[in-house]
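> Provide a 3D model corresponding to the input given below.
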Amino acid sequence: MLEEIRQQPLALERTLKGALRGVERFRQLMRKRRPRLLVLVARGTSDNAALFGRYLLEITTGIPVSLAAPSIATLYQARMDFSDSLVVAISQSGESTDTNLVLERARGEGAVTLGITNEKSSTLARLAEHVFLVRAEKEKSVAATKTYTGQMLMLYLLAYALGGGVRMAELERVPEAVESALRLEPEVRALSERYRYMRYAVVVGRGLNYSNAFELSLKLMETCYVVAERFSTADLLHGPIALVEPSFPVFAFTPAGVTWASMKETLAKLQSLQAEIVAITDRANREVDARATKVMRLPRRLKEVLTPIPYIVPGQMFAACLAAQKGLDPDHPRTLHKVTLTL
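Predicted coordinates for the structure are as follows:
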């Protein structure tokens with residue numbers, strides 16, 4: 001898992017370079033056939049990437065985005081009108097049974113279909129009319145890391161293809177930002193020692209980093225067997241904050257930008273409850289130092305829209321290091337397999 005985390009700068013650079021020609025072709029198609037609705041379908045870590053995509057695509061393109069509920073098709077056999085829609089299936093392996101079924105039916109019901117996958121010879125790649133291929137090479141650890149960030153990068157490219165104002169020059173700097181995040185590994189490893197006996201935690205994020213709250217909590221659950229609840233700061237204050245007591249661990253994604261005001265208010269409330277707050281941020285946000293017990297700060301200043309990929313990297317490293325502290329193997333979590341087939 002750690003080795004694959006470290007591979008992410010090269011994987012992202014390779015993915016970006018390899019995708020450009022196909023993305024430009026897709027962009028020309030979308031100019032002629034702009035969808036009125038986007039539907040993203042995925043499971044597991046890929047579903048967390050889809051959650052990021054919902055925020056990014058709605059913010060940058062103005063097109064409404066729905067996260068598909070696969071059981072509507074697989075269990076209830078409901079038929080949907082997908083005319084003028086773009087349905088995007090996201091899967092690391094391209095073999096998720098329900099994801100592929102939703103995509104196949106959507107294509108038959110009028111949708112333009114796009115697959116985002118790390119496997120060019122997969123079922124998903126054959127079913128989709130268009131494919132954005134993540135070039136992360138083989139991912140051996142059950143805990144997905146480099147494919148998650150690769151999928152997020154592809155969603156930036158989808159926003160670009162839909163005329164969302166995403167600048168290619170800025171995306172080209174994302175691998176460097178991830179490289180800088182990797183320099184935090186010694187600091188993250190030392191921090192993980194403190195949490196060796198952690199059994200419960202809360203992870204919070206908002207806006208573009210809301211998906212990272214889901215992804216970090218998933219990594220803590222599947223590799224460290226920590227019961228990790230995830231919330232937006234708004235939802236946390238609507239009831240779950242009652243969980244928090246002195247020394248309760250809370251992990252927070254805290255970029256500077258439009259989400260900081262609400263995040264700062266939530267952290268202040270958590271401080272008053274004597275929670276132990278670990279914040280992930282960058283040089284653009286210095287205010288968080290007064291609101292957190294510990295800060296994992298990326299050494300660059302980042303625009304909020306570009307923070308999600310670099311920000312998840314310290315979280316990934318923390319989960320891998322904490323698993324080692326607990327004497328667990330993050331590459332082979334109990335009862336899990338790399339490809340999960342569900343309907």
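> which stretches of the stretch 51-200 of the chain form strands?
65-67, 85-91, 112-117, 130-133, 200-205 (DSSP state E, counting those that start in this stretch).
> Now render those strands as TSV, adding distance to residue 183, mean neighbour count and mean pLDDT.
All C-beta atoms are positioned from the backbone trio N, CA, C, and that covers glycine. Putting these into TSV (distance: least, CB to CB, whole Å; neighbours: other CB atoms under 10 Å; pLDDT from 0 to 100) gives the following:
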stretch	distance to residue 183	mean neighbour count	mean pLDDT
strand 65-67	34	16	97
strand 85-91	29	28	97
strand 112-117	29	26	98
strand 130-133	29	21	97
strand 200-205	22	24	97
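> any chance of those in TSV, with distance to residue 225 too?
TSV is the format used below for these (distance: least, CB to CB, whole Å):
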stretch	distance to residue 225
strand 65-67	27
strand 85-91	25
strand 112-117	29
strand 130-133	33
strand 200-205	11
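> Residue 162 is nearest to which of those strands?
Distances from residue 162 to each of those were compared by CB to CB, and the smallest falls on strand 85-91, at 8.2 Å.
> That closest one - which strands sit beside it in the sheet, and in what orientation?
Sheet neighbours of strand 85-91, with direction, are listed as strand 37-41 (parallel), strand 112-117 (parallel) (DSSP bridges).
> picking up where we left off before, right, and the strands of the stretch 51-200 of the chain - which one's nearest residue 165?
In this view, the strands of the stretch 51-200 of the chain are compared for proximity to residue 165 by CB to CB, and strand 65-67 is the closest at 16.0 Å.
> Could you dump the strands paired with strand 85-91 into a markdown table and include distance to residue 30?
As requested, those are exported to a markdown table (distance: least, CB to CB, whole Å):
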| stretch | distance to residue 30 |
| --- | --- |
| strand 37-41 | 11 |
| strand 112-117 | 9 |
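> Nearest to residue 98, out of these?
With CB to CB as the measure, strand 37-41 is the member of the strands paired with strand 85-91 nearest residue 98 (8.2 Å).
> coming back round to it: which among the strands of the stretch 51-200 of the chain is found nearest to residue 163?
strand 85-91 (12.9 Å).
> out of the strands of the stretch 51-200 of the chain, nearest to residue 15?
Comparing the strands of the stretch 51-200 of the chain by their distance to residue 15 (CB to CB), the top pick is strand 130-133, with 7.8 Å.
> If you count contacts, what does the closest one end up packed against?
Secondary-structure packing of strand 130-133 (3 or more CB pairs under 8 Å, 6 or more residues apart in numbering; DSSP states H and E): helix 8-32, strand 112-117, helix 123-127, helix 146-161.
> List the buried residues in the longest one.
Translated: helix 8-32. Using 16 or more other CB atoms under 10 Å as the burial criterion, the residues of helix 8-32 that qualify are 8-16, 19, 23, 26, 30.
> And for the third one?
Of the residues in helix 123-127, those scored as buried under the neighbour-count criterion (16+ other CB under 10 Å) are 123-125, 127.
> Relative to residue 115, which of those is nearest.
Minimum distance to residue 115 across the buried residues of helix 123-127 is 4.4 Å, recorded for residue 124 (CB to CB).
> For that closest one, give its distance to residue 223.
According to CB to CB, to the nearest Å, residue 124 stands 25 Å off from residue 223.
> What of residue 10?
From residue 10 over to residue 223 the distance is 23 Å, taken as CB to CB.
> for residue 168, same thing?
Where residue 223 is concerned, residue 168 sits at a distance of 34 Å (CB to CB).
> got it, and residue 22?
When CB to CB is the yardstick, residue 22 and residue 223 sit 33 Å from each other.
> Repeat that for residue 154.
As defined by CB to CB, residue 154 lies at a distance of 24 Å from residue 223.
> How about residue 11?
Distance, residue 11 to residue 223, by CB to CB: 20 Å.
> ditto for residue 266
When CB to CB is applied, the distance between residue 266 and residue 223 equals 26 Å.
> cool, residue 33 as well?
Applying CB to CB, one obtains 42 Å for the distance of residue 33 from residue 223.
> do the same with residue 137
Residue 137 sits at a distance of 21 Å from residue 223 (criterion: CB to CB).
> Over to residue 86?
34 Å.
> what does residue 165 give?
According to CB to CB, residue 165 and residue 223 sit 36 Å apart.
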